[in-house]
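J.: A predicted structure for the sequence below; I have some questions about it.
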Amino acid sequence: MSVLDAVRAEVCALHTHLTRWNLVTWTAGNVSARVPGEDLLVIKPSGVSYDELTPAAMVVCDLDGKLVEGEHSPSSDTESHAYVYRHMPEVNGVVHTHSPYATAWAARGEPIPCSLTAMADEFGGDIPIGPFALIGSDDIGRGIVETLRGSRSPAVLMRQHGPFTIGASAKAAVKAAVMCEDVARTMLLARQLGAIDRLPGEAVDSLYDRYQNVYGQR
Ligand SMILES: O=C(CO)[C@@H](O)[C@@H](O)COP(=O)(O)O
């Protein structure tokens, strides 16, 4: 299997997590991955039903978002994904969802406060709000980069739109999208119970370091 075919298969498989974890409705959302060693990305075809996605249906584009190989038109967000890859070389995966709880915080235009150990672990602080931007150009990508550059968070809630996540791999970006929705739900419930206190900064730093560098099987 070629590198490109392996990336197509991985990106196709990762899309199943968006439906499995109820992060998208109908054809909303998308996943992309940078192709190792190439100035290329692989992304979902635009508007194609999740149950019709196959590795062969995945679209290959250059890092300006231009179609290189594929039968279908690339995702509406391709130029934004490409912008992120051009400006954040450490990023190899980008995900967009309309997951309901995270999107509710985006509609509100309010960052999710870092009040849970699970948020410190994965996000290293609050989940920030990015600027409102129209779809179909690289404007969303510009907002993602300006918000996340220098942040520990792999997730940004684009105002009045929804979450975008980044990762050192496409799988890491999908995990961030799943965890973003999980904490968005918990924190929305917490907000209904009353005032929320953020964790102390030193606790966030300690938790983040442990989770990122010690937790799990090494
Ligand atoms: O919200 C947007 C674009 O940001 C939706 O159109 C997107 O979730 C799905 O578009 P695509 O099917 O990937 O073109």
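T.: Yes, it's here.
J.: Show me which residues of this structure sit near the ligand.
T.: Taking C-beta under 6 Å from any ligand atom as the criterion, the chain approaches the ligand at residues 27, 28, 29, 30, 44, 46, 47, 75, 76, 77, 96, 135. From N, CA and C alone the C-beta is placed, and that goes for glycine too.
J.: Mind doing that once more with 5 Å?
T.: 27, 28, 29, 30, 46, 47, 75, 76, 77, 135 (C-beta under 5 Å from any ligand atom).
J.: which one is the residue nearest the centre of the chain nearest to, not counting chain neighbours?
T.: The chain has residue 165 as the residue nearest its centroid, 2.0 Å off, counting by C-alpha atoms, centre = their mean. Once flanking residues are discounted, residue 165 sits nearest to residue 176: 3.9 Å by C-beta to C-beta, 6 or more residues apart in numbering.
J.: My read is that residue 185 contacts residue 103, right?
T.: No: the criterion here is C-beta atoms under 8 Å, and residue 185 misses it with residue 103 at 11.2 Å.
J.: Flag every buried residue along the helix or strand where residue 185 lies.
T.: Using DSSP states H and E, residue 185 falls within helix 170-193. Neighbour counts over helix 170-193 (16 or more other C-beta atoms under 10 Å) mark 170-184, 186-188, 190-191 as buried.
J.: before we move on, what about stretch 103-119?
T.: Buried, per 16+ other C-beta under 10 Å, within stretch 103-119: 103, 105, 106, 111, 112, 113, 114, 115, 116, 119.
J.: Equivalent analysis for stretch 22-37, please.
T.: 23, 24, 27, 28, 29, 30, 31, 32, 33, 34, 35.
J.: now swap in stretch 41-50 and tell me
T.: So for stretch 41-50, counting by 16+ other C-beta under 10 Å, buried means 41, 42, 43, 44, 45, 48, 50.
J.: Could you check how far the closest residue in space to residue 60 that isn't next to it in sequence is from the ligand?
T.: Closest residue in space to residue 60, ignoring its immediate chain neighbours: residue 69 at 4.0 Å, by C-beta to C-beta, 6+ apart. Distance of residue 69 to the ligand, computed by C-beta to the nearest ligand atom, to the nearest Å: 17 Å.
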